[in-house]
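[1] structure for the following, please:
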Amino acid sequence: MPRTKTGQFKQKRGDTQMGTIEKMYGKDFGVRSDKQLGNYLKEKGYNSLSQLLKNG
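    Numbers count the residues shown, from 1 in each chain. Predicted coordinates for the structure are as follows:
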């Protein structure tokens, strides 16, 4: 998983497509691949990609 030197997940832009996120982190979130990360996080109540990956 892409992380910074301090071990945190790298920050991703809100307009990153979920298909990219799924491939990068090897997870299937069950959504269309062209859905934007920012919209998905809002819908699911997550504040960040890091929070999603830890709890999702």
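
[2] how much space between Val31 and Thr6?
    Remark: distance between Val31 and Thr6 (CB to CB, to the nearest Å) = 29 Å. In short, each C-beta sits where N, CA and C put it, glycine included.

[3] the two - which one has more neighbours?
    Val31 (15 against 5; other CB atoms under 10 Å).

[4] contacting residues around the more buried one?
    Val31 is in contact with 18, 40, counting by CB atoms under 8 Å, 6 or more residues apart in numbering.

[5] can you tell me the SS state at it?
    coil (DSSP: H, G, I helix; E, B strand; the rest coil).

[6] mind starting the numbering at 40 from now?
    Done: numbering now begins at 40, and the last item shifts to Val70.

[7] can you pull out the helices in the chain?
    Taking DSSP state H as the criterion, the chain carries its helices at 57-64, 76-83, 88-94.

[8] counting contacts, what elements does the shortest one pack onto?
    Yep, that's helix 88-94 we're talking about. When contacts are defined as 3 or more CB pairs under 8 Å, 6 or more residues apart in numbering; DSSP states H and E, helix 88-94 packs onto helix 76-83.
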